[in-house]
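K.L.:
Would you be able to build a 3D model of this:
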Amino acid sequence: MKFSFFHLMPYTGLEEEPLGWPVSNRQFDPARAAAHYQSYVQAMVHAEACGFDWVGCNEHHFSPYGLMANCNVIGGALAYSTRRIKIAMMGNLVPLNNPVRVAEEYAMLDCMSGGRLIAGLMRGIPHEYIAYNIPPGESWERQREAVQLILKCWTEPEPFGWEGKHFRFPQISIWPKPFQKPHPPLVISATTPESARFAAEMRATMGMVLLSDLPMAKECIRVYKETARAAGWEPAPEQILIGMHTVIAETDDEAKRAMEKARQYFDRVLMGGPRTAGRLVLQKTRYYEDDASKERWQGRLKKREASSIDEQIAGGMIFCGSPQGVVRQIKRVHAELGNGVFNFTMKIGNLPDAAVRKGMELFRDRVLPEVRGL
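P.N.:
Prediction:
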């Protein structure tokens, strides 16, 4: 079993709840942000000493939800501050960006880190499309074309041109090329059956985050495996990644109290603007392939927000508790899903950085020895 330490890099300390979109930056304090970046990068570097196999972050825009307009900048900060751990960019939102630039920056990170890059090629969530003025209804087409172009950039030995529907380049020949051959391993979000199918078609690791229930996760894994087999390959357990909000403390009660407080900030403050933007997308544009997909997404968010901490633990939506309790939770979810990677988001909402670090060290000392062999 492999474990990833994932960081959203949220902006904490906001006193007013942001409801509109885009979120006003009137409350932004650059000195606070500078302290956040320093503390967050230090925690990510510390993940290596805590036994994590991967360390990762991703890309978000126009919101205190995450302070990473470009996660590759953070990847560069990690490349020479770590030696062993995989640098998991999960990742660049390829429908919104220049795919050639993504291919170049990922190739840089792979060479800088000596072949430790995990390359996330993500579609993004609805509010990102409002931020960058990209029609949400084009997201699937743009992602498919962008991934194909990036793979060609990495593997084509001679200059080539690209004339696609959404991207056009008369000449391409990137320098550098990736350290890993034929290219770094891919991660693609697979939290719906449609995205699971796409991840399998691209022979990528499927990444599922913020589970609403185990049956839905099982369905996405089933679609992923069936699509992969139809395409002539068999996914290994380590190509199934499950993301979990995770709080580990000395006792179950301490962990639950910390999770409850942190979740309030996450749901009320950090999710305020993105939630408004998501409603705008759903009302005015097509982001999901069909109404069933849209209803699944909306139902998932409502179920999470309406569930208590105990209900989320029982439903396999989060990991929260003492080291012994979290060991039991990890074993249970793994037995249900058969995944080979867990992706822990341990900085949840405004959970204090000291509590995050304490949880990381409890994971190293009292959780990891019990679950490494799964």
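K.L.:
I'd like the secondary structure assignment at the nearest residue to residue 13 once chain neighbours are set aside, please.
P.N.:
Closest residue to residue 13 apart from its sequence neighbours, by C-beta to C-beta, 6 or more residues apart in numbering: residue 32 at 5.9 Å. (C-beta placed from N, C-alpha, C; glycine too.) Judged by DSSP: H, G, I helix; E, B strand; the rest coil, the three-state class of residue 32 is helix.
K.L.:
ditto for residue 350
P.N.:
Residue 350, by the three-state scheme (three-state DSSP), is coil.
K.L.:
next one: residue 344
P.N.:
strand.
K.L.:
pLDDT at it, what is it?
P.N.:
pLDDT recorded at residue 344 is 98.
K.L.:
Pull the contacting residues for it.
P.N.:
Residues in contact with residue 344 (C-beta atoms under 8 Å, 6 or more residues apart in numbering) are 3, 4, 5, 6, 52, 243, 244, 246, 319, 363.
K.L.:
from the chain's centre, how far out does the helix or strand hosting the first one sit?
P.N.:
Pointing back at residue 3 there. Element membership for residue 3 (DSSP states H and E) is strand 2-6. Relative to its parent chain, strand 2-6 has a centroid offset of 11 Å by C-alpha atoms, centre = their mean, to the nearest Å.
K.L.:
What mean pLDDT does it get?
P.N.:
Rounded mean pLDDT across strand 2-6 is 98.
K.L.:
Which neighbouring elements make contact with it?
P.N.:
helix 30-49, strand 54-57, strand 86-93, strand 341-345 (3 or more C-beta pairs under 8 Å, 6 or more residues apart in numbering; DSSP states H and E).
K.L.:
and these as a markdown table, adding distance to residue 271?
P.N.:
Output for these, formatted as a markdown table (distance: least, C-beta to C-beta, whole Å):
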| stretch | distance to residue 271 |
| --- | --- |
| helix 30-49 | 18 |
| strand 54-57 | 18 |
| strand 86-93 | 18 |
| strand 341-345 | 14 |
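K.L.:
Figure out which of the ones you listed is closest to residue 174.
P.N.:
strand 86-93 (14.8 Å; C-beta to C-beta).
K.L.:
which other residues reach that closest one?
P.N.:
4, 6, 53-59, 71-72, 75, 78-79, 102, 105-106, 109, 113, 116-124, 128, 187, 207, 343.
K.L.:
Okay, now the unreliable bits of the chain?
P.N.:
For the chain, residues meeting the criterion pLDDT under 70 lie at 210-211, 282-304.
K.L.:
center of it, which residue is that?
P.N.:
residue 90 (4.8 Å; C-alpha atoms, centre = their mean).
K.L.:
Roughly how far does that residue sit from residue 235?
P.N.:
The gap separating residue 90 from residue 235 is 17 Å, by C-beta to C-beta, to the nearest Å.
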